[in-house]
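J.: Predicted model, plus sequence, below.
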Amino acid sequence: MKKSLILVMILILLACFISSIAFSQEEYQYPKETTCFQFTAKRIKEPPYLVGLSNFSVLNSWRVQMVEEFKQQAEQRKDFIKEVYITNANDNIAKQIADIEDLIAKGVDILLITAISPTALVPVVEKAYQQGIVVVDFDNLVYTDNITSHIIVDQEAFGRVGGEWLVKELNGKGNIIILNGASGTSINAERENGAMSVFEQYPDIKILGKAYAHWDYAEGKKATENFLAAHPQIDGVWSQGGAMTQGAIEAFVEAGRPLIPMTGEDNNGFLKLWRKYQPQGLKAISTSMPTFCSAVALDVALAAIQGFPYYKYTVIPIPTITNEDLNKYVREDLPDSFWANTRLSDETIKKIFTR
């Protein structure tokens, strides 16, 4: 068991790094300086543990795959885990609060949270933490420091990298449209902030409009169709990803409009279309949020509860796919709903994503 735990810690150290982090939001600002490690004075509790995962939604395939990444990691750590509870709030704040209350009542030792709201969940998260539960958030965060650890994908960097690429492709001038995710989520706000920090530096970049398309294929396609009907000249698409860019590409093709530079994420449907239309001049970039962030969250929580050193702020670097390395990531043997940056075994992937 000791050898297994040492391996866990090595994997964490290799996969993640710590840095001074500051995410500025109106509701909350993370501390600008953090210590490299936070140490528990002693082991909080002996294994095995009850683990709860509070997921705010499984409304898209990224969230489904993220849960599977957690399940796979829990299976690999089964020597430390007695039982796992997974809840789904169906995109409802009140239900997620109730779900967390229920997990607390079940006596979970570890609580992992991907939050529907960065502020509405603060009281119940702090309640769990104050009761001695190891609480780790990831994906969509909760704006509180009364928590064991935050697993952070630098969403502002996500938006900024795509924005910088698009500006470069357009030589600093052109009309663009913006496809946002879901209003009110921390991810949406931070990705847009990152992109806007770039666009604001270029007065000749004109934003024709923004639409909330919830990272969804159908909504992304419809929003793009509306923009195409309203604007005869669109030079670029900055998209927050999900399956929206896949919908945007198809909207341009069906409208007979020239394909223009577009940003996206590592959704397989988008990657397939990107490769298909490369010969017709489609240029794109994929900045991605790995679905395995749930697995990282579990390993950090297991380290913390056993008194091992762990990061208070664990930053997962953002993988980027370019025109040059696109072929390494496209999976023609898998459906559009697959996400390329994964730690799932190929056997598990094929079980989940069957045609």
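T.: Yep, it's here.
J.: Need the pLDDT of the most centrally placed residue in the chain.
T.: The centroid of the chain falls nearest to residue 289 when counting by Cα atoms, centre = their mean (4.2 Å). Looking at residue 289, its pLDDT stands at 88.
J.: Repeat that for the one 5 residues further on.
T.: We note a pLDDT of 97 for residue 294 in this prediction.
J.: for it, what are its contacts?
T.: Residues counted as contacts of residue 294 (Cβ atoms under 8 Å, 6 or more residues apart in numbering) are 53, 66, 67, 69, 70, 73, 112, 114, 138, 139. All C-beta atoms are positioned from the backbone trio N, CA, C, and that covers glycine.
J.: which of the residues you listed lies closest to residue 293?
T.: residue 138 (4.8 Å; Cβ to Cβ).
J.: quick one: furthest residue from the center of this protein?
T.: residue 232 (33.4 Å).
J.: Pull up the gap between that one and residue 208, please.
T.: Distance of residue 232 to residue 208, computed by Cβ to Cβ, to the nearest Å: 11 Å.
J.: what about the stretch 251-355 of the chain, any weak spots by pLDDT?
T.: 355 (pLDDT under 70).
J.: can we see that at 50?
T.: Scanning the stretch 251-355 of the chain for pLDDT under 50 picks out no residues.
J.: And the chain, by the same measure?
T.: 1-37, 41.
J.: Centre of the chain to stretch 293-308, how far?
T.: The chain centroid and the centroid of stretch 293-308 are separated by 18 Å under Cα atoms, centre = their mean, to the nearest Å.
J.: Return the alpha-carbon coordinates of that stretch using CSV.
T.: The C-alpha coordinates for stretch 293-308 follow below in CSV (Å, rounded to 0.1, in the frame of the first residue of the first chain):
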residue,chain,number,x,y,z
CYS,A,293,-9.1,16.9,-14.0
SER,A,294,-11.5,14.8,-11.9
ALA,A,295,-8.8,12.1,-11.5
VAL,A,296,-6.3,14.7,-10.4
ALA,A,297,-8.8,16.0,-7.8
LEU,A,298,-9.2,12.5,-6.4
ASP,A,299,-5.5,12.0,-6.0
VAL,A,300,-5.0,15.3,-4.3
ALA,A,301,-7.8,14.5,-1.9
LEU,A,302,-6.3,11.1,-1.1
ALA,A,303,-2.9,12.7,-0.4
ALA,A,304,-4.5,15.4,1.9
ILE,A,305,-6.6,13.0,4.0
GLN,A,306,-3.6,10.8,4.7
GLY,A,307,-1.3,13.6,5.8
PHE,A,308,0.9,13.8,2.8
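J.: The residue lying closest to the residue nearest to the centre of the chain once chain neighbours are set aside - how many residues pack around it?
T.: In this structure, residue 289 finds its nearest non-sequential neighbour in residue 153, 4.9 Å apart by Cβ to Cβ, 6 or more residues apart in numbering. Close neighbours of residue 153, defined as other Cβ atoms under 10 Å, add up to 22.
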